[in-house]
Structure formats: C-alpha cells, structure tokens
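**Student:** no FASTA, just this:
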C-alpha cells in the first residue's frame with residue numbers, strides 16, 4: 001500500500017489536545033453551511049476524519065482558533081471535491097465557480113451567499129482576517145485567489161489532455177495544494193505576523209515552496225491508487241512518471257520518494273541559515289519569534305501533519321468521494 005511508504009520527515013508528530021472536542025462541531029458547521037447535503041456525505045466526512053489533520057496542522061490551536069482552522073479545512077475539502085468529475089474538466093465553468101468565491105475577497109457585499117461554498121468561505125474568511133494587519137490580509141487574499149483560480153488551470157489541462165513535466169506540474173500544484181492559506185492561518189491563530197520583507201525572497205520563501213512540493217509529492221504517493229482508480233494521471237506525479245518515463249509503479253514511487261527526501265534536506269539546510277538572515281535584515285526579537293513560529297507551527301507541522309494523516313485516512317482507500 002502506498003500509505004506505508006516511508007519518507008525522510010524528521011519532525012515530531014504533534015496534535016491539538018482539543019481535536020475530540022472540536023470534531024462534532026466541525027461536521028455540524030459543514031452541515032449548517034450546506035457542505036454536507038446528504039447522509040452519505042456526512043458519513044464520508046466522519047470516516048475520513050479531516051479534524052485529525054487540522055489538529056496536526058495546528059497543534060497549538062485550541063478553542064475558537066481550532067474551530068476556525070477546522071472550518072478552513074472544511075472549505076478546502078469541499079472546494080477540492082467540488083471539481084471532481086466533469087466540472088473539473090471545464091475551465092470556463094471552473095473559473096466561474098472560482099470567481100463567485102473570489103468576490104468575497106474584493107467585493108463581499110456583492111457575493112452571492114445563497115451559494116453554500118460562497119457563504120461558508122465568507123464566514124471563514126471574515127473570522128480569519130479579523131484583527132490582522134493589512135499586509136497579512138493582502139498576502140492571505142492573494143494566496144486564496146491563486147488557490148481558487150488554480151483549479152481552472154487544472155481544468156484546462158484536463159480538457160486539452162495536457163501532460164506536464166514534473167517541474168511545471170509542481171509549480172501548478174503549489175497554487176492548488178493549499179499550503180499557503182494553512183500557514184497564513186498559523187499566524188492568525190497565534191496572533192503574530194511575519195515581517196513582509198521576509199516574503200521578498202530568500203530562505204523563508206524557498207522553504208515554503210519546498211513545503212508545498214513535499215506535501216504534494218507525499219500526497220501523490222499516498223493517493224496514487226485512488227487517482228489511478230479515477231483514470232486521471234495528469235495531476236499525480238507518480239502516474240505522470242509512469243506515463244511519461246515508462247516507469248513501473250514501484251520505480252515511480254521510489255523516484256518521488258527521492259524528490260521528497262532531497263527537498264527535506266534542502267529545507268533543513270535553509271532553516272539553519274534563517275537566524276543569520278534575520279540578523280542581516282535587522283529583525284527585532286519579536287519579529288524573529290514570528291519567523292520561528294511560522295516555521296515551527298506552520299511549515300513543519302503542515303509537512304508532518306500531511307504525512308501522518310495521509311498514512312491513516314480512509315480518503316485514499318476508495319476510488320472516489322460521494323457526490324456532493
């Protein structure tokens with residue numbers, strides 16, 4: 001089973017102490033916003049237990065902050081599954097769906113909140129942005145827009161049967177894998193802000209890109225049987241290598257594992273250089289604590305949390321999710 005493949009991820013497993021408390025409320029919020037319209041969808045959501053991955057992504061979160069993180073993941077899960085099937089092969093319709101949600105970011109008064117995913121996103125986004133500095137809100141909104149729009153690019157590739165090489169594939173998946181909104185939310189949960197100049201380039205940006213690649217590649221290995229069952233090889237690196245490089249399944253998995261392990265070593269090397277970079281940018285002690293928190297409770301936990309959850313979830317053991 002691909003879920004048994006080991007990767008070099010030398011970070012401790014962590015989880016919020018309030019996952020059990022938040023789990024029923026997580027499902028109830030999705031039901032209240034129309035994201036689980038059938039008993040089958042409710043049962044599936046409970047079975048895959050995305051509450052656990054939220055607790056692993058944000059082990060420092062409790063109370064309302066954990067609830068907020070749960071709601072973000074609920075939206076992720078719904079939005080991703082929304083484009084399964086024929087809709088995910090129509091770039092015009094996919095772009096239209098994305099624009100309805102993006103309107104919340106720019107013209108919230110005009111957003112059509114009769115649409116369940118629009119209303120759910122609006123609720124989650126307003127609570128996320130509350131009290132955060134303008135630079136954070138602008139960065140977070142930009143990252144959300146890239147995430148939401150990225151599915152239209154994927155749909156265009158599916159429509160044209162466009163086979164991407166691995167570097168281009170990873171570049172696109174950095175948009176749609178959702179790491180940036182998750183690590184942005186880590187700042188909101190702990191009420192700090194990474195100095196904007198840290199995102200102008202350098203170690204932290206490279207580490208974020210590497211985290212996105214690692215989450216994508218690990219996810220591809222763990223979900224390969226599910227994706228192969230759908231017959232969609234365009235957006236899974238294992239299946240792409242099988243198709244483009246004529247590798248066997250074990251050979252392709254081994255190649256992807258090597259990509260992950262190489263990126264993790266680079267991530268650790270860049271992390272070692274962060275204190276020197278912070279000193280060079282004359283960051284205050286508080287700003288350096290924010291950078292450290294972004295790495296420890298953001299990048300590291302999203303990498304490890306994705307790996308741990310993917311090893312156990314039932315989401316990757318069935319060919320497809322129930323229709324929403």
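**Tutor:** In hand now; what should we look at? Note that the structure is a prediction, hence the values are computed from the model and not measured.
**Student:** where exactly do the helices run in the stretch 101-250 of the chain?
**Tutor:** Counting by DSSP state H, counting those that start in this stretch, one finds helices in the stretch 101-250 of the chain at the ranges 116-129, 134-159, 166-176, 179-190, 203-222, 224-230, 237-245, 249-272.
**Student:** where among those is average confidence lowest?
**Tutor:** Among the helices of the stretch 101-250 of the chain, helix 224-230 has the lowest mean pLDDT, at a mean of 87.
**Student:** what is it packed up against?
**Tutor:** If contacts are counted by 3 or more Cβ pairs under 8 Å, 6 or more residues apart in numbering; DSSP states H and E, helix 224-230 sits against helix 237-245. (C-beta placed from N, C-alpha, C; glycine too.)
**Student:** ok so, going back, save the helices of the stretch 101-250 of the chain as a markdown table, and put in distance to residue 29 and mean neighbour count too.
**Tutor:** Listed next are the helices of the stretch 101-250 of the chain as a markdown table, based on distance: least, Cβ to Cβ, whole Å; neighbours: other Cβ atoms under 10 Å:
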| stretch | distance to residue 29 | mean neighbour count |
| --- | --- | --- |
| helix 116-129 | 8 | 20 |
| helix 134-159 | 19 | 18 |
| helix 166-176 | 23 | 17 |
| helix 179-190 | 16 | 23 |
| helix 203-222 | 24 | 23 |
| helix 224-230 | 26 | 17 |
| helix 237-245 | 33 | 19 |
| helix 249-272 | 33 | 17 |
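**Student:** out of those helices, the one nearest residue 60 is which?
**Tutor:** For residue 60, the closest of these is helix 179-190, at 6.1 Å, according to Cβ to Cβ.
**Student:** quick one: contacts of the closest one?
**Tutor:** 57-58, 60-61, 65, 68-69, 72, 76, 128-129, 132, 136, 139-140, 143-144, 146-147, 193-194, 208, 211-212, 215, 290, 293-294, 297-299, 301-302 (Cβ atoms under 8 Å, 6 or more residues apart in numbering).
**Student:** let's see that with 7 Å instead.
**Tutor:** 57-58, 60-61, 65, 69, 72, 128, 132, 136, 139-140, 143-144, 147, 193-194, 208, 211-212, 215, 293-294, 297-299, 302 (Cβ atoms under 7 Å, 6 or more residues apart in numbering).
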